[in-house]
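**Student:** Sequence and computational prediction follow.
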Amino acid sequence: MEEKFFQCPYCWMEISVLLDPSVGNQKYIEDCENCCNPIEFSVAFENGILTNFNVSNIEQ
């Protein structure tokens with residue numbers, strides 16, 4: 001597992017998420033541990049190296 005730090009698109013707090021480099025392309029939703037708003041993650045690994053990491057808010 002690889003830890004990645006990022007800024008929440010809602011509350012702007014720096015938080016972290018654990019990523020699994022054994023899965024090439026990942027897209028999922030997880031709540032911010034600080035403000036509990038849903039964040040959409042788009043992650044890509046190539047040969048175990050993180051090549052893409054994007055987070056975005058989900059318009060509600």
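**Tutor:** Received, thanks.
**Student:** check contacts around residue 23.
**Tutor:** Neighbouring residues of residue 23 by Cβ atoms under 8 Å, 6 or more residues apart in numbering: residue 45. Any C-beta I mention is one placed from the backbone N, CA and C, and that applies to glycine too.
**Student:** Let's see that with 10 Å instead.
**Tutor:** With contacts defined as Cβ atoms under 10 Å, 6 or more residues apart in numbering, residue 23 is in contact with 43-45.
**Student:** just checking, residue 14 touches residue 34?
**Tutor:** Yes. Using Cβ atoms under 10 Å, residue 14 is in contact with residue 34, at 9.3 Å.
**Student:** quick one on the thing from earlier: now which of the contacts of residue 23 would you call buried?
**Tutor:** Burial by neighbour count, judged by 16 or more other Cβ atoms under 10 Å, picks out 43, 45 from those.
**Student:** Put together a markdown table for the contacts of residue 23, with pLDDT and distance to residue 58 on each row.
**Tutor:** Shown next, in a markdown table, are the contacts of residue 23 (pLDDT from 0 to 100; distance: Cβ to Cβ, whole Å):
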| residue | pLDDT | distance to residue 58 |
| --- | --- | --- |
| 43 | 98 | 16 |
| 44 | 97 | 20 |
| 45 | 97 | 23 |
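**Student:** Let's see which of the contacts of residue 23 end up in helices.
**Tutor:** Assignment to helices by DSSP state H places none of these there.
**Student:** Mind checking which of the contacts of residue 23 land in strands?
**Tutor:** Among the contacts of residue 23, DSSP state E puts 43-45 in strands.
**Student:** What are the neighbouring residues in contact with residue 45?
**Tutor:** 2, 19-26, 51-53.
**Student:** So which of those sit within strands?
**Tutor:** Those of these lying in strands (DSSP E): 2, 19, 25-26, 51-53.
**Student:** Closest to residue 39 out of the residues you listed?
**Tutor:** Distance to residue 39, by Cβ to Cβ, is smallest for residue 53 among these, at 11.9 Å.
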